[in-house]
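Enquirer: Requesting a structural model of the entry that follows:
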Amino acid sequence: MVVVTARLLVLACLSSAWLISQPLQADARRIDEADGTSNQCNLDFTNNPSAPTLSMMDAGSRLSFSSLYTEMEDLPLEVCGQIPQWVDGSLIRNGVGLLEFAGKKFKNPLDAFSMLHAWRIKDGSITYNNRFIATARRDRMLRTGTISGMRTFGGTDPCDSVMGHMKSWFTFGDEVIVSVGKVGDKTVAMGELPNMYSFDPNTLTTESFVEVWKSNIMEPEGAPEHLSHNTGFESAAEEQLGASPLSMPAGMGMAHPHYTPNGTFISRLERVNPVGRDSTVVYAIPPGTAPEDKVILGEWPVTTPGPHYVHSFSITDRYVILPEYPVIIDKPAMIASSTILSGFKWLKEHGTNMTVLDLHTGEMTRYNCPEVFFAFHTINAFEDEQTGELHMDVLGASDYSTLFALFVDVHNPRTTSGGFPAGTLRRITIPLRDPSKGITIEHDNKNVFMELPRINYAFNGKPYRYFYACGSTIPNSFPMDLIVKKDLATGKLTRFQIPGAFLGEPIFAAAPNASAEDDGVVLTHGLDTETGLGFMIVVDAKTMTLVARSDLPQHLPFLLHGGFFE
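Expert: Model (predicted):
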């Protein structure tokens, strides 16, 4: 059975004419008429890409930052081409659902109501679902009809009132809009703060709030009763929202954890001490262990005025490699401002460092990098047993401007497409045996701008040859119109493009009994700027040729990270 639902309460709160753009009206007509089939079979692609036109950039930006109001359940999709029979599992994506509420528009995608999308693939067929994540923040806003008094990353338009700003001082949201993963037997959605929501991977129904770290509680002696922490929260999720005006999150979390072969979850927390020294924590959640019973692998104080913002890290069998970029969280500045990002400062004088935790000995060593840079995403790391060196690949930029490049111009979303400094490939070599030699950094001289890198995860922490990423034919542009495959052995870069479309993060799925690292397929989603509709594609990971495509009857907003779950 196909079920298409609309959240009438949400729609009733959306009064601005800006919200109902022409592409969204077209989507609504398509959804009403949805019968599980697409209008045509289109397997067009090219490995000799051309730059997108201005009208394509305009449509892509506008649709990427347009809300999606509908939830679809068990919608069978027509498949153009042929999906290999061995592909059996779900491509699940996390990202933007709703970018406005109660007459206010969020300026940053990280503040949107988060939505999951799943393409269930079996026997060459695809079934599609999408559903909002039922966070406590979303529930509170639907109940109260307002977003005032809720701390956001980028603010809103119109701006919050002075009273709303004061209410939001310690009221942090719990949106988990960035990625998906596994913790034990739970499938979870994650964000930049350290907690998660579990969901059913088949229906995408939200199951429960996963409390990994408790909030910091600041109760000065003699605090008035109405500021007391014991206010009778309905749930742990409500507590994380800062129902006490004197609570704040435990720190900045990690949207990109890692997994050992036995399924142990490894991540990092930049622990915030509201009144004292901040610290970096590396922790693990072994299989069968409750998240609150996590194991601390290492903890050490930060050497900067505040905790670092770090989006990803790398591991090998023995080492955890944590970048420390000079993006420092200025706690007083964050508290004084209505936005979280206002507290992010670029303190170049502190440099970029790599902290290496030896999992065998528990020893932590910090190495200074010879140049200052920032990276959202590490790609992989591995040990060279002959030289005693540790290599880590990242997509780095010269500063942290990428953090602010995704602000949405709510009056002209197309301007978001400019000024997005995607990363270039850097290989960082750490001399473990002789730290006096210092770190060296090798740059890829092709200067190709890439983001959202993925590998064959069977090679995580090991010597590897290939990675896949999004790329742009136009430097510093967003959305991105390419999928690229990088061969680190030969330096070859293969570009894949669907004319007139923007493409999302490439997810690698390995073929059974694969004999080579790139034996498998790449799965991703896309946005067709001519039809205004989304689609999912299957690409041969070895040849970078399109083997199957499945179109949707609705557009896809800005989606961040995902995974393939067998």
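
Enquirer: ok now stretch 268-279, how far from the chain's centre?
Expert: 23 Å (CA atoms, centre = their mean, to the nearest Å).

Enquirer: try stretch 363-370
Expert: On CA atoms, centre = their mean, the centre of stretch 363-370 falls 27 Å from that of its chain.

Enquirer: again with stretch 376-388
Expert: With CA atoms, centre = their mean, you get 23 Å for stretch 376-388.

Enquirer: Buried residues in it, which are they?
Expert: 376, 377, 378, 379, 380, 381, 382, 383 (16 or more other CB atoms under 10 Å). Heads up, the C-betas are built off the backbone N, CA and C, glycines and all.

Enquirer: what sits against the residue nearest to the first one when sequence neighbours are not counted?
Expert: Meaning residue 376. Computed as CB to CB, 6 or more residues apart in numbering, the closest residue to residue 376 that is not its neighbour in sequence is residue 311, at 4.7 Å. By CB atoms under 8 Å, 6 or more residues apart in numbering, the contact list for residue 311 reads 192, 254, 255, 256, 375, 376, 377.

Enquirer: If we use 7 Å, what do you get?
Expert: Residue 311 makes contact with 255, 256, 376, 377 under the criterion CB atoms under 7 Å, 6 or more residues apart in numbering.

Enquirer: does the second one sit in a helix, a strand or a coil?
Expert: So that's residue 256. coil (DSSP: H, G, I helix; E, B strand; the rest coil).

Enquirer: ok, for it, nearest residue in space, not its chain neighbours?
Expert: residue 312 (3.9 Å).

Enquirer: CSV for the buried residues of stretch 376-388, including pLDDT, distance to residue 361 and secondary structure?
Expert: Shown next, in CSV, are these (pLDDT from 0 to 100; distance: CB to CB, whole Å; DSSP: H, G, I helix; E, B strand; the rest coil):
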residue, pLDDT, distance to residue 361, secondary structure
376, 92, 30, strand
377, 94, 28, strand
378, 97, 23, strand
379, 98, 26, strand
380, 98, 23, strand
381, 98, 18, strand
382, 98, 19, strand
383, 97, 15, strand
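
Enquirer: contacting residues around residue 469?
Expert: By CB under 7 Å, 6+ apart, the neighbours of residue 469 are 450, 451, 452, 453, 484, 506.

Enquirer: and if we set it to 10 Å?
Expert: 377, 379, 395, 422-423, 425, 448-455, 480, 482-486, 493, 505-506 (CB atoms under 10 Å, 6 or more residues apart in numbering).

Enquirer: Among those, which are located in strands?
Expert: 377, 379, 395, 425, 450-454, 482-486, 493 (DSSP state E).

Enquirer: neighbour-wise, which of these leads?
Expert: Among those, the one with the most neighbours (other CB atoms under 10 Å) is residue 483, at 28 neighbours.

Enquirer: of all the buried residues of stretch 376-388, which two lie farthest apart?
Expert: 376 and 383 (23.9 Å; CB to CB).

Enquirer: and of the ones in strands among the contacts of residue 469, the nearest to residue 512?
Expert: When those are ranked by distance to residue 512 (CB to CB), residue 454 comes first, at 19.3 Å.

Enquirer: Isn't that closest one up against residue 520?
Expert: No. Contact criterion CB atoms under 10 Å: residue 454 and residue 520 do not qualify, at 11.4 Å.

Enquirer: Please identify every residue contacting each of the two.
Expert: With CB under 10 Å, 6+ apart, residue 454 and residue 520 have common neighbours 508, 564.

Enquirer: Now do the phi/psi pair for residue 136.
Expert: The phi and psi values for residue 136, taken as degrees, to the nearest 10, are phi -60, psi -30.

Enquirer: From residue 403, how far off is the closest residue to residue 468 other than its chain neighbours?
Expert: Distance criterion CB to CB, 6+ apart; nearest residue to residue 468, sequence neighbours excluded, is residue 506 at 4.1 Å. According to CB to CB, to the nearest Å, residue 506 and residue 403 sit 23 Å apart.

Enquirer: Now do residue 402 against residue 98, distance only.
Expert: Residue 402 is 24 Å from residue 98, by CB to CB.

Enquirer: ditto for residue 450
Expert: For residue 450, the distance to residue 98 equals 29 Å [CB to CB].

Enquirer: show me the residues around the most centrally placed residue in the chain that make contact.
Expert: In the chain, the residue lying closest to the centroid (CA atoms, centre = their mean) is residue 178, at 3.1 Å. The neighbourhood of residue 178, defined by CB under 10 Å, 6+ apart, consists of 94-95, 109-110, 114, 189-193, 253-256, 311, 560-561.

Enquirer: how about residue 395, what does it touch?
Expert: Residue 395 touches 312, 375-379, 422-426, 444, 448-453, 467, 469, counting by CB under 10 Å, 6+ apart.

Enquirer: same thing with residue 459?
Expert: Residue 459 neighbours (CB under 10 Å, 6+ apart): 380, 382, 465, 466, 467, 508, 510, 517.
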